[in-house]
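J.: the amino acid sequence is not available; the structure is as follows:
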């Protein structure tokens, strides 16, 4: 069965940069960046996931170029991310899992960094996502979703969420309040309703293929007639 995700150097760059930064932070930024990146590369190549085949297949100039780009992101994080005290409580890729409807619905999110710890009646958690590439509106929606999951999982809402753009060395952040959590809950409810509707297939004559940004990750895109039509209309 073909994988729904088609890996590319751009996607693998993000995966390796995230892992490299996590390893670098865990080691107190004491190891050479080249050693951190080499370890992240080895992990990715030996993983059982679909990215492993892509990473393992790269060699020569292409592999060197990708490792160099990953090193740049790790160095950028070292140079620009605010220094944290040794006593800071930092967790990387902390999963939040919430089960609804007697387990029939599972909500899951994994922010890249969780700073602080939820205490009774004290909002002391900051959720951070690290991004390579440009900014997008859905990044803010993703962070609000993470905030909702953290609230449901721990009973205490994070006080702030932030997206850190490695290429820009810049932040986008938002202080979380009730309105943000309610908006995220409504969005989840809308998606759940849509998912339930899709469980009952509509008549074939009502089905249409609509190309969009997500097509770049689809393994069937090269054979998809909707993608081909959109490319032809866009022109050279």
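T.: Cool, the structure landed. Owing to the predicted nature of the structure, the values given are computational and were not obtained by experimental measurement.
J.: tell me, how many residues neighbour residue 126?
T.: Other residues lying near residue 126 total 18 when counted by other Cβ atoms under 10 Å. All C-beta spots, glycine's among them, are computed from the backbone N, C-alpha and C.
J.: is it in contact with residue 157, as I believe?
T.: No. Using Cβ atoms under 8 Å as the test, residue 126 is too far from residue 157 to be in contact (11.5 Å).
J.: buried set for stretch 177-197?
T.: Residues of stretch 177-197 classed as buried: 180-181, 184, 188 (neighbour count, 16 or more other Cβ atoms under 10 Å).
J.: whoops, stretch 167-180 was the one
T.: Result for stretch 167-180 [16+ other Cβ under 10 Å]: buried residues 172, 176, 180.
J.: now swap in stretch 206-218 and tell me
T.: Result for stretch 206-218 [16+ other Cβ under 10 Å]: buried residues 211, 215, 218.
J.: quick one on the thing from earlier: pLDDT for the buried residues of stretch 167-180 - can I get that in TSV?
T.: Shown next, in TSV, are the buried residues of stretch 167-180 (pLDDT from 0 to 100):
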residue	pLDDT
172	94
176	97
180	96
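J.: I'd like to know which of these are part of strands.
T.: Taking DSSP state E, the ones among the buried residues of stretch 167-180 that sit in strands are residue 172.
J.: the residue nearest to residue 126 when sequence neighbours are not counted: what's it in contact with?
T.: Here the nearest residue to residue 126 in space, its sequence neighbours aside, is residue 115; by Cβ to Cβ, 6 or more residues apart in numbering that works out to 4.3 Å. Going by Cβ atoms under 8 Å, 6 or more residues apart in numbering, residue 115 touches 84, 88-90, 125-128.
J.: quick one: buried ones out of these?
T.: Buried among those (16+ other Cβ under 10 Å): 125-128.
J.: out of those residues, which is nearest to residue 65?
T.: residue 128 (27.6 Å; Cβ to Cβ).
J.: relative to residue 80, how far out is the closest one?
T.: The gap separating residue 128 from residue 80 is 13 Å, by Cβ to Cβ, to the nearest Å.
J.: for this protein, give me the ranges with low pLDDT.
T.: Counting by pLDDT under 70, the chain contains low-confidence residues at 1-5, 232-233, 235-236.
J.: count the residues that sit near residue 81.
T.: Other residues close to residue 81 by other Cβ under 10 Å number 18.
J.: ok, which stretches of this protein are helices?
T.: 9-26, 33-46, 50-57, 60-80, 137-154, 178-198, 225-234 (DSSP state H).
J.: got these as TSV, with distance to residue 204 columns?
T.: Formatted as TSV, the helices of the chain follow (distance: least, Cβ to Cβ, whole Å):
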stretch	distance to residue 204
helix 9-26	33
helix 33-46	41
helix 50-57	31
helix 60-80	43
helix 137-154	31
helix 178-198	14
helix 225-234	15
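J.: can you tell me which of the ones you listed is nearest to residue 101?
T.: helix 178-198 (8.9 Å).
J.: off-centre distance for the closest one?
T.: Here helix 178-198 is found 19 Å from its chain centre; the criterion is Cα atoms, centre = their mean, to the nearest Å.
J.: try stretch 67-84
T.: On Cα atoms, centre = their mean, the centre of stretch 67-84 falls 17 Å from that of its chain.
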